[in-house]
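K.L.:
pasting the structure only:
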């Protein structure tokens, strides 16, 4: 345990002038999700929601990404208190993270268990180091993962694999997670790769990225027909943005790939 704040939120500016953010879990020795870490993450996400960057990187310092949840968090809870715990974590962490109107990247450099992996599954893109391992091991205390892990894992990997992953409580390596479509890419230097991707995404058409998230969110909640129904309005709004107008003009004048974006 440490008396210092268990997270670190940094605001940076890319070489292209885009505002980006890096949220680091730094709660030694094991980056356990206890009350202090959960409160810090909630506060950071409130700040990010109030003033969104153009891209966010979620990462961790230390030997582990996280050893999981501090089991003291569960001790003595009633049925009602247990349900309220999960409602609070959805409302203050998972849903705000997913709702950010910008790309969110998660970088896993090593062991990533339970709540940390559930947060990763709420991000847009997951990168991992070759030695990273992932697990939802809540069955060791008679629980099932309840911060959205099973359903978001099922969305990426299929329901059969999600059931296997949760019910066995085994650890799965980065290569397997990439094969399953859960991890987007595996990099030897995952932190450098994640920071490079953060810069690329932050320098991009932020409003278009937000529209992509909205359309995919509609698909997640209602399937292709629902996504089709919202796409005209969501995508149509982009024709009112400076970025689209400037990028179209740049394309016509000097060809593709030369436009710069301001996020407006």
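P.N.:
Received, thanks. What you are looking at is a predicted structure, and each value in this text was computed from that prediction instead of being measured.

K.L.:
mind listing what residue 93 touches?
P.N.:
The contact partners of residue 93, by C-beta atoms under 8 Å, 6 or more residues apart in numbering, come to 38, 41-42, 45, 119, 147. All C-beta atoms are positioned from the backbone trio N, CA, C, and that covers glycine.

K.L.:
Now with 10 Å, please.
P.N.:
Residue 93 makes contact with 33, 38, 41-42, 44-45, 115, 118-119, 122, 147-148, according to C-beta atoms under 10 Å, 6 or more residues apart in numbering.

K.L.:
just the buried members of the residues you listed?
P.N.:
Using 16 or more other C-beta atoms under 10 Å as the burial test, these include 33, 38, 41-42, 44-45, 115, 118-119, 122, 147-148 as buried.

K.L.:
Of these, which pair is most distant in space?
P.N.:
Greatest spacing in the buried ones among the contacts of residue 93, by C-beta to C-beta: 44 and 148 (18.3 Å).

K.L.:
Any idea how many residues pack against residue 179?
P.N.:
Per other C-beta atoms under 10 Å, the neighbour tally for residue 179 reads 12.

K.L.:
That one contacts residue 128, doesn't it?
P.N.:
No: counting by C-beta atoms under 10 Å, residue 179 does not reach residue 128; the two are 12.0 Å apart.

K.L.:
Please enumerate the helices of the stretch 151-264 of the chain.
P.N.:
According to DSSP state H, counting those that start in this stretch, the stretch 151-264 of the chain carries its helices in the segments 159-168, 174-179, 190-202, 206-236, 242-254.

K.L.:
residues of the fourth one that come out buried?
P.N.:
In this case it means helix 206-236. Neighbour count says helix 206-236 has 206-211, 213-215, 217-219, 227, 230, 234 buried, by 16+ other C-beta under 10 Å.
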